[in-house]
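J.: Here is a sequence together with a model predicted from it:
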Amino acid sequence: MLSFGQVIKNLDWSYLVKLLLSIIPAIVCISFHEMCHGLAAYALGDKTAKTQGRISMNPLRHIDPIGLLMLVIFKFGWARPVSVDMRHFRHPKRGMALTALAGPVSNFVLAVFVLFIRGVVTFWLYDKSWGKTIIELLDMTAYLSVCLGIFNFIPIPPLDGSKVLFSLLPDSAYMKLMRYERYGMILLIVLMLAGVISRPLAAASEFVFEVLFNFARWGYKLIAAIAGR
């Protein structure tokens, strides 16, 4: 039987360090996602999120511990939902759909921005010892943002995709389905742990990330051209 010291010595510390570092990008992605929900709702006439202080990048206002842990470990997670009162929208179902759509769309916008910055800073940091850590953090932020965006497009309550899909249904069916959204998260966790949706989501995220990585290449080429290299 291994001693405690031998167990500690045999641990893959590089994996643990990478896991801990991924907490920072995960918090950024979740906070930005939820803030954009609040901004969209506010722009469409509902001040609930603003009143509750959810139009903020303060992670303490958004983080769900289990959802954050799932995002860090499985690359797919969630935050505390932003409260929305659809009665304040001129067109309630359309307003709810647009508010829901703002979350995953914002994640793709964030990924594009982070990857472009990644390309720019790589021009100066690629040959520095600490530069690799910065680049890895940027890559991780962009990748987790893509994962979060794709995950939220799943049309299972309470994910954003369900609110977009349900907006196409008659009012009676819409309200009936919305009552059961609290149970959807249990179904999602079971499906993820069983590997039913995690593999397809991982494949989709890697494909989208590779496509968006072109923005990193363009950022690098832009700075190289400006620098005359």
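T.: Structure's in. What do you need?

J.: W124 versus C147, what's the distance?
T.: Plainly put, C147 is 28 Å away from W124 if you go by C-beta to C-beta, to the nearest Å. (C-beta placed from N, C-alpha, C; glycine too.)

J.: ok, these two, which is more surrounded?
T.: C147 (26 against 11; other C-beta atoms under 10 Å).

J.: What's the first helix or strand after the helix or strand where that one lies?
T.: Assessed by DSSP states H and E, C147 sits inside helix 131-151. Next along the chain after helix 131-151, taking DSSP H and E as the criterion, comes helix 160-166.

J.: Show me what that following helix is packed against.
T.: helix 92-125, helix 171-178 (3 or more C-beta pairs under 8 Å, 6 or more residues apart in numbering; DSSP states H and E).

J.: export these to CSV and tack on mean pLDDT?
T.: Output for those, formatted as CSV (pLDDT from 0 to 100):
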stretch, mean pLDDT
helix 92-125, 95
helix 171-178, 72
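
J.: Could you identify which of those is most buried?
T.: helix 92-125 (a mean of 20; mean count of other C-beta atoms under 10 Å).

J.: rewinding a little: among the helices and strands packed on helix 160-166, which comes closest to F209?
T.: Closest of the helices and strands packed on helix 160-166 to F209 is helix 92-125, at 7.4 Å (criterion: C-beta to C-beta).

J.: tell me the angle of that closest one relative to helix 131-151?
T.: 160 degrees (axes from the mean of the first three to the mean of the last three C-alpha atoms, to 10 degrees).

J.: now the chain, which segments are flagged as low pLDDT?
T.: The chain contains residues with pLDDT under 70 at 1-17, 180-182, 229.

J.: Fine by me, we can end here.
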